[in-house]
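1. can't give you the sequence, but here's the structure:
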């Protein structure tokens, strides 16, 4: 059985990051963003309810 990864808190991705793109899902339930973080481009997907 594979171990589940513990997700990083949102603040981990927000500090010292530069957003490249931000988009709202068609259902308006999620927000997606590409951000530069620690020299890498990462994809962040957030549920609006949490």
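-> Great, that's in hand. Since the structure is predicted, the reported quantities are computational estimates derived from the model, not experimental observations.

2. just the helices in this protein please.
-> Secondary structure of the chain by DSSP state H: the helices cover 10-14.

3. The residue nearest the centre of it: what's its closest spatial neighbour, skipping adjacent residues?
-> The geometric centre of the chain, computed from its C-alpha atoms, lies nearest to residue 44 (C-alpha atoms, centre = their mean), at 1.7 Å. In space, and not counting its chain neighbours, residue 44 is closest to residue 33: 4.7 Å by C-beta to C-beta, 6 or more residues apart in numbering. Where you see a C-beta, it was placed from the backbone N, CA and C, and this is true even at glycine.

4. The one you found: neighbouring residues, count only.
-> 17 (other C-beta atoms under 10 Å).

5. Low-confidence regions, the protein specifically.
-> 1-5, 10, 12-17, 50 (pLDDT under 70).

6. hey, where'd the strands end up in this structure?
-> Here the chain has its strands, by DSSP state E, at 18-24, 30-37, 40-47.

7. who's in contact with the shortest one?
-> I take that to be strand 18-24. 30-36, 41 (C-beta atoms under 8 Å, 6 or more residues apart in numbering).

8. rewinding a little: what's the spacing between the residue nearest to the centre of the chain and residue 27?
-> 18 Å (C-beta to C-beta, to the nearest Å).
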